[in-house]
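Visitor: Generate coordinates for the sequence data below:
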Amino acid sequence: MRLYLMRHGDYVVSAPDQPLSSSGADDVRRVLEFLKKTGAAVSEIWHSPKLRAVQTAEIAREFFPDTLMNQRDDLTPNASASEVFDDIERLENNILLVSHLPFIPNLLLRMIPHRQQTAVLQAASVVIVEKADNEWKITDVITPGKIH
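Guide: Alright, predicted model coming up:
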């Protein structure tokens, strides 16, 4: 099983609902296009109800059109990662999860407890995590700056 943990794209901080900025949407598209070209396949897209995550998930659906969308209130920035982790553990199919800081790093710490906390995940970045032999491992991190 493969899990794609995506942080939403850059957003307009000064706007009340904080939508994606045009450059944020462009970064999301570039990263998702790269993932699609490298053979990424997902059966579901889970996302936070916050507008910037919804917009990021909608862009993802352009690249994975037959994918189920699942808005989850437990993917907000400060939500507990425990329930989401339990749900992920029961899955067999690949999913793309669109969320925020600090949720994504907290989920990674729950999945890989011995992992050292690393640098802050950039907007529109994806951490690819795979489960093999009942253990989760980070296999790659795709950032907008990594794609040329």
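Visitor: ok, residue 94 to residue 1 distance?
Guide: 6 Å (Cβ to Cβ, to the nearest Å). C-betas here are computed from N, CA, C, even on glycine.
Visitor: Looking at the two, which has the bigger crowd around it?
Guide: Ranked by neighbour count (other Cβ atoms under 10 Å), residue 94 and residue 1 place residue 94 first, with 18 against 14.
Visitor: how close does the residue lying closest to the more buried one once chain neighbours are set aside sit to residue 140?
Guide: With Cβ to Cβ, 6 or more residues apart in numbering as the criterion, residue 94 has its nearest non-adjacent residue at 4.4 Å, and that residue is residue 2. Using Cβ to Cβ, residue 2 is found at 10 Å from residue 140.
Visitor: Find residues that contact each of these two.
Guide: Taking Cβ atoms under 8 Å, 6 or more residues apart in numbering as the criterion, residue 2 and residue 140 both touch residue 128.
Visitor: between the two, who's got more neighbours?
Guide: Neighbour totals were compared for residue 2 and residue 140, and residue 2 leads with 16 against 13 (other Cβ under 10 Å).
Visitor: doesn't residue 123 make contact with residue 145?
Guide: No: with contact defined as Cβ atoms under 8 Å, residue 145 does not reach residue 123; the gap is 10.8 Å.
Visitor: Between the two, which is the more surrounded one?
Guide: Per other Cβ under 10 Å, whichever of residue 145 and residue 123 has more neighbours is residue 123, with 24 against 11.
Visitor: who's in contact with the more buried one?
Guide: With Cβ under 8 Å, 6+ apart, residue 123 has these contacts: 7, 8, 9, 10, 11, 24, 27, 144.
Visitor: hmm, try it at 6 Å
Guide: The neighbours of residue 123, taking Cβ atoms under 6 Å, 6 or more residues apart in numbering as the test, are 7, 9, 10.
Visitor: Brilliant, that's me finished.
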